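> have a look at this prediction, sequence included:
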Amino acid sequence: MQLAGRRFLSRQRNFLACFGVGLLIGIIVINIGKSILLGETGLFDEYTLYHMKYMTVDSNALFCYIFRKRIGRMLILAVISTTYLGLVACMGAAFWYGMSAGAFLASLALRYGLKGILLAVISLFPHYLLYVPAILLLLIWCEELFRGIYVRGEFSVEDKGFLLKKAGRLLLILVLITAGCLLEGYMNPYLLLGFLKIF
């Protein structure tokens, strides 16, 4: 039990380290290219935000779009984790999420200051409260599956208990992502539009 807990924490640290490096690189890239990326018609310009204030949201269509996108990515990562590229794909995904987050936060902070940081927080709330643990669990799930297939002695895909545990965890991840999609499709747009009206 203690050994399993240590392994989980070790894997968590590995992915968080990749995420942290990506976050830093995302911030650096935006700072270096801010004259191009944050020009008048660049990322999150005032014209785009102005039009967002007055748009109407079809929550059903938005949910369906988000759900397909999130579940599609989850399935692609799960399938890749069964190949020799599984571990690299997991680390790459953690790095990519970090770089995206760094670029997103840096763009809004550089363009709008404190208001930009608040806009970033509202944009990610409340669905990322579910997405973050779901993504971390998914990355660890994929790594364990990869090790179960290719690394001897640690896990074994021939063990029925291992496969049942993996199926149960994947179901939990699916529930978290689905709940996150519901929040992102039905709640977040109204929070974001409400905030933009006073932005």
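Noted; the coordinates are in hand.
> C-alpha only now, for contacts and for neighbours.
Will do.
> list the contacts for Leu130?
Leu130 makes contact with 176-177, 179-180 under the criterion Cα atoms under 8 Å, 6 or more residues apart in numbering.
> mind running it again at 10 Å?
Contact analysis of Leu130 by Cα atoms under 10 Å, 6 or more residues apart in numbering lists 173, 175-181, 183.
> if we only consider those residues, which is nearest to Tyr65?
Nearest to Tyr65 out of these is Cys181 (Cα to Cα; 9.3 Å).
> tell me the spacing between that closest one and Phe67.
According to Cα to Cα, to the nearest Å, Cys181 stands 6 Å off from Phe67.
> SS state for Tyr84?
coil (DSSP: H, G, I helix; E, B strand; the rest coil).
> try Ile177
helix.
> who has more neighbours out of Cys181 and Phe67?
Ranked by neighbour count (other Cα atoms under 10 Å), Cys181 and Phe67 place Cys181 first, with 27 against 20.
> let me see the mean pLDDT of the strand or helix carrying the more buried one.
Following DSSP states H and E, one finds Cys181 within helix 160-186. Here helix 160-186 scores 92 as its mean pLDDT.
> got it, and stretch 65-83?
95.
> next one: stretch 110-119
Averaging pLDDT along stretch 110-119 gives 93.
> may I ask which of the contacts of Leu130 has the most neighbours?
Cys181 (27 neighbours).
> surely that residue touches Leu124?
No. Counting by Cα atoms under 10 Å, Leu124 is not a contact partner of Cys181; they are 11.7 Å apart.
> anything in contact with each of the two?
Between them, Cys181 and Leu124 share the contacting residues 131, 188, judged by Cα under 10 Å, 6+ apart.
> coming back round to it: helix or strand right after the helix holding Cys181?
That would be, after helix 160-186 and using DSSP H and E, helix 188-197.
> please export the C-alpha coordinates of that following helix as CSV.
C-alpha atoms of helix 188-197 as CSV (Å, rounded to 0.1, in the frame of the first residue of the first chain):
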residue,chain,number,x,y,z
ASN,A,188,-19.3,28.9,-17.6
PRO,A,189,-20.5,30.9,-20.7
TYR,A,190,-23.0,32.8,-18.5
LEU,A,191,-20.4,33.5,-15.8
LEU,A,192,-18.0,34.7,-18.5
LEU,A,193,-20.6,36.8,-20.4
GLY,A,194,-21.7,38.4,-17.1
PHE,A,195,-18.1,39.3,-16.2
LEU,A,196,-17.4,40.7,-19.7
LYS,A,197,-20.4,43.1,-19.3
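> tell me what it is packed against?
Packed against helix 188-197 by the contact rule (3 or more Cα pairs under 10 Å, 6 or more residues apart in numbering; DSSP states H and E) you find helix 46-53, helix 59-80, helix 114-124, helix 160-186.
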